[in-house]
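S.K.: Sequence plus predicted model, see below.
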Amino acid sequence: MRIAVTYENGEIFQHFGHTAQFKVYNVEDGKIVSSQVMDTMGSGHGALAGLLSAMKVDVLICGGIGGGAQNALAQAGIKLFGGVKGNADAAVESFVAGNLAYDPEAKCDHHDHHHGEGHTCGDHGCGSHNCH
């Protein structure tokens with residue numbers, strides 16, 4: 001089994017569509033046997049599900065994630081565990097042990113909130129909405 005985590009400095013990155021890296025874990029017989037950090041190479045919202053599929057990922061652990069990305073992951077057959085925070089390695093260990101706390105209703109409300117709540121428009125390069 002391959003598990004990917006949105007990744008930044010050891011922690012679960014909280015915005016799937018803007019993650020610069022995934023940490024990908026290989027799990028065999030209920031144990032993590034290897035892991036590596038992989039760059040997304042600037043892939044945006046739509047391309048990330050395809051990237052994960054090409055890497056043969058079975059499970060994604062992340063923070064916030066939008067509905068379009070959730071659908072793309074479902075179509076790619078990748079199981080989603082969203083709304084997770086904290087240390088990436090610890091989250092994967094919890095998942096493997098069968099006790100990962102996650103939010104099945106985790107949604108990224110990035111396009112619905114007012115800017116100024118944690119970032120400004122120049123920070124993320126989204127370009128798909130108007131910032132005033």
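M.R.: Perfect, thanks for sending it. Everything numeric in this text was worked out from a predicted model, so none of it was measured. Numbers count the residues shown, from 1 in each chain.
S.K.: can you map out the helices along this protein?
M.R.: Secondary structure of the chain (DSSP state H): helices at 45-54, 67-75, 88-97.
S.K.: Determine which of the ones you listed approaches residue 28 most closely.
M.R.: helix 88-97 (10.4 Å; CB to CB). Bear in mind the C-beta positions are built from the backbone N, C-alpha and C, glycine included.
S.K.: want to throw the helices of the chain into a markdown table with mean neighbour count, distance to residue 14 and mean pLDDT?
M.R.: Formatted as a markdown table, the helices of the chain follow (neighbours: other CB atoms under 10 Å; distance: least, CB to CB, whole Å; pLDDT from 0 to 100):
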| stretch | mean neighbour count | distance to residue 14 | mean pLDDT |
| --- | --- | --- | --- |
| helix 45-54 | 17 | 14 | 86 |
| helix 67-75 | 15 | 13 | 92 |
| helix 88-97 | 18 | 12 | 97 |
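S.K.: Tell me which of those helices sits nearest to residue 37.
M.R.: Nearest to residue 37, of those and by CB to CB, is helix 88-97 at 9.4 Å.
S.K.: Show me what the closest one is packed against.
M.R.: strand 2-8, strand 11-12, strand 21-28, strand 31-39, strand 59-61 (3 or more CB pairs under 8 Å, 6 or more residues apart in numbering; DSSP states H and E).
S.K.: Report all helices and strands that the third one contacts.
M.R.: Think strand 21-28. By 3+ CB pairs under 8 Å, 6+ apart, strand 21-28 packs against strand 2-8, strand 31-39, helix 88-97.
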